Each structure stands twice: as C-alpha cells, then as structure tokens.
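Colleague: Need the 3D shape of this:
(chains A and B)
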Amino acid sequence: MPASTPVPAQVVLFDGFDPLDVVGIYEVLHAGTLVGGPVVPELVSGEGPRTVVSGTPGITLEAGAALDPDLPGYVVVPGAVGPVESAEGDADTIPVLLARFAQSAAMPLVRRALDNPGVTVATLCGGSVALALAGLLEGRTAVTNAMGTDLLEATGVRVADARVVDDGDLLSAGGVTSGLDLGIYVLEREAGPRVARSVESIFEFERRGTVWADRGVEPRPL
Amino acid sequence: MPDHLHLPDHQPDHPGGTAVAGTWDVRITTPVGTVEARYTFAERDGVLTGTAESQGDAGALERLTAVPADDGVRVTWAQRVTRPLRLDLTFDVVVAGDTLTGRSRAGRLPASTVTGTRRPAEGSPQTPR
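Modeller: Residues are numbered from 1 along each chain as shown, chains lettered A, B, ... in the order given. This is a model prediction of the structure:
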C-alpha cells in the first residue's frame, strides 16, 4: 500500500501545560503512524524552539519549532495543570496559566491557523478556554474540562454537553483523558475506523460517547 | 440618605441615578490579574447611562440599574469585555459618597472585588448629601 501524504499535527506547548493532555494525544497519533495512519505529531511553541516547563513538577518537554499557522493539517492546543482556586505557595492557578497563555505570542498564530481553511484546530481540556479568553471562539461551540465550563460560558462560547465536539474547523474535547478520545477521532477522520480501532486495541482504550456535531435533528426536551 | 429628585419621567430602574453620575477610576481584582478601568456615568431626564474604558477597549453598560439602599446607592450592570481578555462580566456595587465597592462576576465563577473612586468634578459644586 502506498504511504499516504503526512498530515502534520502541531501540538502547542506553553508554560504550565498539562503533560498528560500533550502526551496522550501525541502517542495516539504517533501509534497511528506505526500502523499506516498519516497524522504526524510534533511539539511547537508560540515563541519558537525552547524548553517548556509543564504544570506538573519534574516534567518539561522540548518544543522543536515555532507554531506555523500556514502549515495545512492540525494544530492541537492542550490545557494547563495546577491549583484550581487560591494558589498554594507560588504555583499559579489554572485560570491564571490559561489567561497568561491567552495573552502570549502563540495566540495571534492560533488565530491565523483558525482562519486558514487548510487547518483544523483541536483543543483539549482548558485549551479551548485559553483560545476563548483571547477572543478566538466568539459564537463557536466547544467544550472544556468540567471545572472550566462556567469560565468558558462567560467568554461567549456555546458549551456542548459531550466529550468531543466537532464544530467543523474547530474540534474540542473535555478534561485530560478526553485527549485520547480526540486523538482517536482525528485518526478516524483522517485514516478511517480501522486505523482508529487498531490504535484503540494497542492502547487498551476505547473512545467514549458520541462526538457532538451541529447536524441532524435537534432533540426536544423530555 | 441620598436625595430623591422629583423626575417628570420617573424611571423605576434609576431612582438613585444622580448619586452615581461622574467619572470613576475603578479597579477590579480578578483571579487572572487586576484590571483598571475608567467608568463614566451620566444621568439625563431620569435615565442613567454608563460606559467603561480600559486599555483602549470601550463599551456601553447594559441592564444598568441604580436603586437607593441602606448604605448608599446599589448599582448593577452587565458588560462585554474584550481587552485584555474576552469575558462577559456582571457588576453589583454600592456607591457611597465618592467611593464605590462591590463585586464583579464572570458567569458562575467566584466573584472579583471591585473598588472605585469618583474624580472631582471640574468647576461644579459639591454633591449635596
């Protein structure tokens, strides 16, 4: 079988990112390439190649390049990890980490990526909140981790009740492990269900629930 | 107790409007940083209007109410913010003399603290108490 054209997936790192958000989807997509899938993940940042410190003590990752919004494919935006309410010691809370990311050099690049018809932006966990705080998701439908739903609603986003949301050129997923579901969904979109099932089998993981999309019949309230 | 003006077109939502009019320097302490903004309230024919300006982002205040309370005038409004971050905020403050204090909320998040002082009006007499 001829190899299909690689589809890049740039995973955007930022100070305080949740490493499980990043590594989960990265490994799902990478495992996809091992069984013939086309989506190739890479780590990037808004500032260029650099060491990026995660929000989990002891874990840092290397961004190999600057986010390129003109590169057709996927741009994956993870969330942050840290204390939720008042800070313990010097640690920044998750809303503060996301707000800082929302005002960083990455956001104008993510805006260009969203405007690029060849790019699908895929957020997971608080990644959607960061984009929304930057004003990039006005009027869109998205989801975030359960604890962030109030904040996401306050940014003008319509929050859907689902683990993964497909709003066309914007995919989003809920908290942490939902990134695995998002990765499997991307593989199914790009390479079909057999590649997706193969990776589910390798990971001993099955995607949960129905992916929300704005089509079909609007359900009546009971 | 604040004065009540006898207004020909009485607006039930703004009976305390005259105590609020003026330009205010306001500071909002949020979980994502402190924001400083300038608010301008104007009262005309019994109707109170307001605008907010911060970091070049300006907007009208919506659903504005001003009602006398035991400790001053209670003022509430909603505001669509785009800078430094995109947030829909609601405000609930009490104006007493030339100071205002209260809370601001984004959706169902924990409230932020709001404090403000009115700038002295140029060339006009003191507001009667």
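
Colleague: Touching, A:Ala132 and A:Gly148? I think so.
Modeller: No - at 9.6 Å, A:Ala132 does not count as touching A:Gly148 under the criterion of CB atoms under 8 Å. Glycine gets a C-beta too; all of them are placed from N, C-alpha and C.

Colleague: so where do the helices sit in chain A?
Modeller: A:19-34, A:94-102, A:106-115, A:127-133, A:149-153, A:178-191, A:193-203 (DSSP state H).

Colleague: So A:Ala132 and A:Gly148 - more neighbours on which side?
Modeller: A:Ala132 (31 against 26; other CB atoms under 10 Å in any protein chain shown).

Colleague: pLDDT value on that one, please?
Modeller: Note on A:Ala132: pLDDT of 98.

Colleague: what does B:Asp57 give?
Modeller: So, for B:Asp57, pLDDT stands at 86.

Colleague: For it, give the beta-bridge partners.
Modeller: Judged by DSSP bridges, the bridge partners of B:Asp57 are B:Ser54.

Colleague: how close does it get to A:Val35?
Modeller: Computed with CB to CB, to the nearest Å, the distance linking B:Asp57 and A:Val35 is 49 Å.

Colleague: Likewise for A:Ala80?
Modeller: On the measure of CB to CB, A:Ala80 and A:Val35 end up 31 Å apart.

Colleague: pLDDT weak spots in the chain?
Modeller: With no chain named, the answer covers chain A. Along chain A, segments meeting pLDDT under 70 span A:1-3, A:86-90.

Colleague: I was after chain B.
Modeller: Those would be B:1-13, B:123-129, if you go by pLDDT under 70 across chain B.

Colleague: Next up, the contacts around the residue nearest to the spatial centre of chain A.
Modeller: Nearest to the centroid of the C-alpha atoms of chain A, with distances taken as CA atoms, centre = their mean, sits A:Thr123, at 2.6 Å. With contact taken as CB atoms under 8 Å, 6 or more residues apart in numbering or on different chains, A:Thr123 is in contact with A:Val76, A:Val77, A:Pro78, A:Gly79, A:Ala130, A:Leu131, A:Ala142, A:Thr144, A:Leu170, A:Leu171, A:Ser172, A:Ala173.

Colleague: Endpoint to endpoint, stretch A:36-56 covers what distance?
Modeller: From its first residue to its last, stretch A:36-56 covers 33 Å (CA to CA, to the nearest Å).

Colleague: Would you mind listing the buried residues in it?
Modeller: A:37-47, A:50, A:52-55 (16 or more other CB atoms under 10 Å in any protein chain shown).

Colleague: how about the residue positioned nearest the centre of chain B, what does it touch?
Modeller: Taking CA atoms, centre = their mean, the centroid of chain B lies closest to B:Val75, which sits 5.9 Å from it. The contact partners of B:Val75, taken as CB under 8 Å, 6+ apart, are B:Gly16, B:Val20, B:Leu64, B:Thr65, B:Ala66, B:Phe91, B:Asp92, B:Val93, B:Val94, B:Val95, B:Leu100, B:Gly102.

Colleague: Return the member of these nearest to chain A.
Modeller: Comparing the contacts of B:Val75 against chain A with CB to the nearest CB picks out B:Phe91 as the nearest, at 13.5 Å.

Colleague: Rebuild the contacts of B:Val75 as TSV, extending it with distance to chain A and neighbour count.
Modeller: Shown next, in TSV, are the contacts of B:Val75 (distance: CB to the nearest CB, whole Å; neighbours: other CB atoms under 10 Å in any protein chain shown):
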residue	distance to chain A	neighbour count
B:Gly16	28	23
B:Val20	25	24
B:Leu64	19	21
B:Thr65	21	18
B:Ala66	24	26
B:Phe91	13	24
B:Asp92	15	15
B:Val93	19	24
B:Val94	23	15
B:Val95	25	26
B:Leu100	22	22
B:Gly102	18	20
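
Colleague: In strands, which of those fall?
Modeller: Counting by DSSP state E, the contacts of B:Val75 place B:Leu64, B:Thr65, B:Ala66, B:Phe91, B:Asp92, B:Val93, B:Val94, B:Val95, B:Leu100, B:Gly102 in strands.

Colleague: Mind listing residues that contact the longest strand seen in chain B?
Modeller: If each strand of chain B is counted by residues according to DSSP E, the longest one is strand B:33-44. For strand B:33-44, the external contacting residues (CB under 8 Å, 6+ apart) are A:96, A:99, B:14, B:17-18, B:20-28, B:48-54, B:61, B:84, B:116.
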